[in-house]
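Visitor: Below: sequence and its predicted model.
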Amino acid sequence: QVQLVESGGGLVQAGDSLRLSCAASGRSFSGYWMAWFRQAPGKEREFVGRIGWSSSSTYYSDSVKGRFTISKDNAKNTVYLQMNSLKPEDTAVYYCAATRSYSTSTRDYGYWGQGTQVTVSS
């Protein structure tokens, strides 16, 4: 059974940093893309960024490029989202997801975590 378990969310102030973790288990993710999405209240879930499990290639949305960094530790089967210079508009539930597709669309991701809340106060 595949499981993606996010952790590390919380309440921070604007300008602070936070690191989210996504512990993956239940299968080999070789050849998969591991992504982070976020969903703010009343808004659609949006793509944040992704990393290749095997290639380590990364790609980010324009809204977070230069502030957020995705990394991974294959030995720990864990993907990280380092968020710096946080803004109130970064407030959302952050989800970890996995796919074999080269995609930023939620419909192409078959595995999802339960999400972790990030709240950035001004």
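Guide: Received, thanks. Keep in mind the model is a prediction, meaning the values are calculated, not measured. Residues are numbered from 1 along each chain as shown.

Visitor: Just list the residues touching the spatially most central residue of the chain, thanks.
Guide: Nearest to the geometric centre of the chain sits W36, at 2.3 Å (Cα atoms, centre = their mean). Contacts for W36 were tallied using Cβ atoms under 8 Å, 6 or more residues apart in numbering; they are 20, 22, 48-50, 68, 70, 79, 81, 94-97. C-beta coordinates here come from the backbone N, C-alpha and C atoms, glycine included.

Visitor: go again using 10 Å as the cut-off
Guide: By Cβ atoms under 10 Å, 6 or more residues apart in numbering, W36 lies in contact with 6, 20, 22, 47-51, 60-61, 64, 68, 70, 79-81, 83, 94-97, 113.

Visitor: repeat for P41
Guide: With the criterion set at Cβ under 10 Å, 6+ apart, P41 makes contact with 91-93.

Visitor: Look up phi and psi at P88.
Guide: With angles defined as degrees, to the nearest 10, P88 sits at phi -50, psi -30.

Visitor: sorry, back to before: for S61, see how far away the residue nearest to the centre of the chain is.
Guide: Shown here: W36 relative to S61, a distance of 10 Å by Cβ to Cβ, to the nearest Å.
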